[in-house]
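[1] sequence and predicted model, in that order:
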Amino acid sequence: MLATIWSKGSVVMTVLESFDYIIVGAGSAGCTLAGRLSEDPSKKILLLEAGGWDRDPWIHIPLGWGRILQKRQHDWMYFAEPSENMNGRSIECARGKVIGGSSAINAMAYYHGHPSDYDRWESNGLPGWSYAEVLPYFRRSEDWEGGANAYRGEGGPLTSRYTTFEDPICEAFLEAGKQMGFSYTEDYNGAEPDGFARIQTTLRKGRRWSAAAAYLHPAKRRHNLRVETGALVEKINFDGRRATGVTYKKGIKTVTANANKEVLLSGGSINSPQLLMLSGIGNPEHLKDKGINVTVALEGVGQNLCDHTSSAFVFRRRNGGPFQRNMRLDRVSISLARAYLGLGGFAADLPFGITAFVKSRAAETVPDLQLLFWMGATTTAAPWLPPFKKAFADSFSVRVMPMRPESRGYISLASLNPNAAPEIHQRFLETEEERRVMRDGLRMVRDLVGQDPLSPFAGDELVPGTNHQSDEAIDEHVRKTMITVHHPVGTCKMGGDNDQRAVVDGEMRVRGVENLRVIDTSVMPDLIGGATNAPIIMMAEKASDMIQGKAPLPPAELP
């Protein structure tokens, strides 16, 4: 029930009845929290999302990912500030603005991350976050097509399965990797996280299986869960240092909603620190410069931004592959319809097939590089035109992603207007070690593509070309072409009591205030070795137990 307090002109201020929990953001974490917390019928939950419902057919067709990314659909339209390291370019920073958040617009890859990532978190002052302690929450969240075992779950909300994309070049890459001395693993989310492997995805019956599909849609008809779309949260409300609710804008209405228990921020690594700063939580000097009264001084808000980057070499394909053949307009139109109806086929997957977790040099204790193989054309934006003719000159690429970057950027306020994008200072590849890892990875790609198993497939190097051999030439190629892999983390980092830059504690509670948590990728202290979607769903699963005062799941007993 809405109670009108006052109205003036076209602006209406209203108060919504109180809820137990208010969740800000319906992305991967927010959908997971809404699904789990609403399982208790005695608790009332409000989920607020600035975007709309995930009804666009392109969201649900796996091959539609390319269109979504290129056209920046269902996206906050963020760009990083221009960077000298990137030749003055402003790198796009696509973030989902829709029910499901970035899980509705990502490439659907499923990774736990390396076990050492979580053990590192624990050793740096976060008890309860070791691999053995987070693995039970990965298992609870997933429905793995291979069935349950010590590392994998079955029957959970989030479907995970091997890619179904088939192309003979995939097997050739695996053989080339073996010739170079790399191992092969059947399951990089299992006992052997290193080596070449088939990619795992969050697809179900040929359709994208986002956090919304997994957690929110099954729960949205529960009487105790209200979902408001088109609702931009403008500030967190406080009574002293106790969070009491939020104020949000929906159309012409400005609404105040009260939280009896907790406010849970799940806006992501850009929006969550922005909202904290707009609400008076952050670096006091920055807040005062913007004319914001300081509620709590936390210097770490917006700091510690890190993200995965990648650069690629592109090669001509000697003979067209299945991606080229199927992207002809008359063929792809039928494939898109079949995929939307859940009938499988070409458009029900992406042409990546395999990946590899490898070391840039023998001295590394764990893999520090991920290789991403794209088996389709990479040199044209609209490869399916014209109909009934060959779609394009085929090519393939191998993209290099250094997994644990050292550089750290930050988020700052550009305006007091909640609708205005914050400033995103990425600071990519600022250290020589990061540049070294990228160079070594790209040279590894050349060696890999030059192996005998790939000779029937690999033609000339199109980008950057074999004349780019020196460190300086490769670095220049990276500066011109490098992109984000869309894994920003760390801007509200978790940390122990001795970590002066920690924004939240090990239970994701914001320091210095009551009844306020941040539960999204911003709380990750640093990057894990892989994509961040599955890990943040795991973290939200773990947080749901913390919020409800439940005992944590027993640590995994691994072989």
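    Perfect, I can see it now.
[2] neighbouring contacts of stretch 206-213?
    For stretch 206-213, contacts defined as Cβ atoms under 8 Å, 6 or more residues apart in numbering pick out 26-32, 54, 59-62, 99-101, 103-104, 108, 158-159, 202-204, 338-340, 342-345, 348-349, 533, 537. Just so you know, the C-beta spots here come from the backbone N, C-alpha and C atoms, and that holds for glycine as well.
[3] so how far is Pro193 from Tyr151?
    Remark: distance between Tyr151 and Pro193 (Cβ to Cβ, to the nearest Å) = 10 Å.
[4] neighbour count winner among the two?
    When Tyr151 is set against Pro193 and neighbours are counted by other Cβ atoms under 10 Å, the residue ahead is Pro193, at 23 against 20.
[5] grab the nearest non-local neighbour of the more buried one.
    His114 (5.3 Å; Cβ to Cβ, 6 or more residues apart in numbering).
[6] cool, and Ser130?
    Glu122 (4.1 Å).
[7] same thing with Glu234?
    Using Cβ to Cβ, 6+ apart and skipping residues adjacent in sequence, the residue nearest Glu234 is Pro418, 4.4 Å away.
[8] for my notes, confirm that neighbour occurs in a helix.
    No. Counting by DSSP: H, G, I helix; E, B strand; the rest coil, Pro418 is not found in a helix; it is coil.
[9] spit out the contact partners of it.
    Leu232, Val233, Glu234, Lys235, Lys249, Gln274, Leu275, Leu278.
[10] and the last one, how far from Ser116?
    What it means is Leu278. Taking Cβ to Cβ, one finds Leu278 at 36 Å from Ser116.
[11] more neighbours, those two?
    Remark: of Leu278 and Ser116, Leu278 carries more neighbours, 22 against 17, as counted by other Cβ under 10 Å.
[12] hmm, the more buried one is touching Ile292, no?
    Yes. Using Cβ atoms under 8 Å, Leu278 makes contact with Ile292 at a distance of 7.0 Å.
[13] need the residues touching each of those two.
    Leu416.
[14] the stretch 401-550 of the chain: helices as residue ranges?
    Counting by DSSP state H, counting those that start in this stretch, the stretch 401-550 of the chain has these helices, from start to end: 432-449, 471-481, 533-547.
[15] deepest of those, which one?
    Among those, helix 533-547 has the highest mean neighbour count (mean count of other Cβ atoms under 10 Å), at a mean of 25.
[16] let's test this: mean pLDDT of that helix, rounded?
    Across helix 533-547, the average pLDDT comes to 98.
[17] can you check stretch 319-330 too?
    Across stretch 319-330, pLDDT averages out at 87.
[18] that stretch: how far from the chain's middle?
    29 Å (Cα atoms, centre = their mean, to the nearest Å).
[19] which positions within it qualify as buried?
    Of the residues in stretch 319-330, Gly320, Gly321, Pro322, Phe323, Gln324, Asn326, Met327, Arg328 count as buried by neighbour count, 16 or more other Cβ atoms under 10 Å.
[20] cool, stretch 334-344 as well?
    Ser335, Leu336, Arg338, Ala339, Tyr340, Gly344.
[21] which residues of the stretch 201-350 of the chain fall in helices?
    Along the stretch 201-350 of the chain, counting by DSSP H, counting those that start in this stretch, helices occupy 211, 217-219, 268-278, 284-289, 322-326, 329-340.
[22] of all the ones you listed, which lies closest to Thr365?
    helix 268-278 (27.1 Å; Cβ to Cβ).
[23] average pLDDT for the closest one, rounded please.
    In this model, helix 268-278 has a mean pLDDT of 98.
[24] helices or strands up against it?
    strand 231-239, strand 253-265, strand 410-412 (3 or more Cβ pairs under 8 Å, 6 or more residues apart in numbering; DSSP states H and E).
[25] what's across from Tyr305 in the sheet?
    Quick fix: residue 305 reads Leu, not Tyr. Note on Leu305: beta-bridge partners by DSSP bridges are Gly409.
[26] ok, now which ones touch it?
    Per Cβ under 8 Å, 6+ apart, neighbours of Leu305: 269, 408-411, 424-427, 488-491.
[27] got a PyMOL select line for the buried ones in those residues?
    Of the contacts of Leu305, the buried ones go into a single PyMOL selection, burial set by 16+ other Cβ under 10 Å:
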select buried, resi 269+408+409+410+411+424+425+426+427+488+489+490+491
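[28] now render the contacts of Leu305 as CSV, adding distance to Leu553.
    Formatted as CSV, the contacts of Leu305 follow (distance: Cβ to Cβ, whole Å):
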residue, distance to Leu553
Ser269, 26
Arg408, 32
Gly409, 34
Tyr410, 35
Ile411, 33
Ile424, 35
His425, 38
Gln426, 36
Arg427, 37
Pro488, 28
Val489, 23
Gly490, 25
Thr491, 28
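[29] His114 contacts Gly529, correct?
    Yes. With contacts defined as Cβ under 8 Å, His114 counts as touching Gly529 at a distance of 4.1 Å.
[30] returning to what we had before: so who does the residue nearest to Ser130 touch?
    Going by Cβ under 8 Å, 6+ apart, Glu122 touches Gly128, Trp129, Ser130, Glu133.
[31] ditto for Met508
    By Cβ under 8 Å, 6+ apart, Met508 lies in contact with Met494, Arg517, Val518, Ile519, Val523, Met539, Ala543, Met546.
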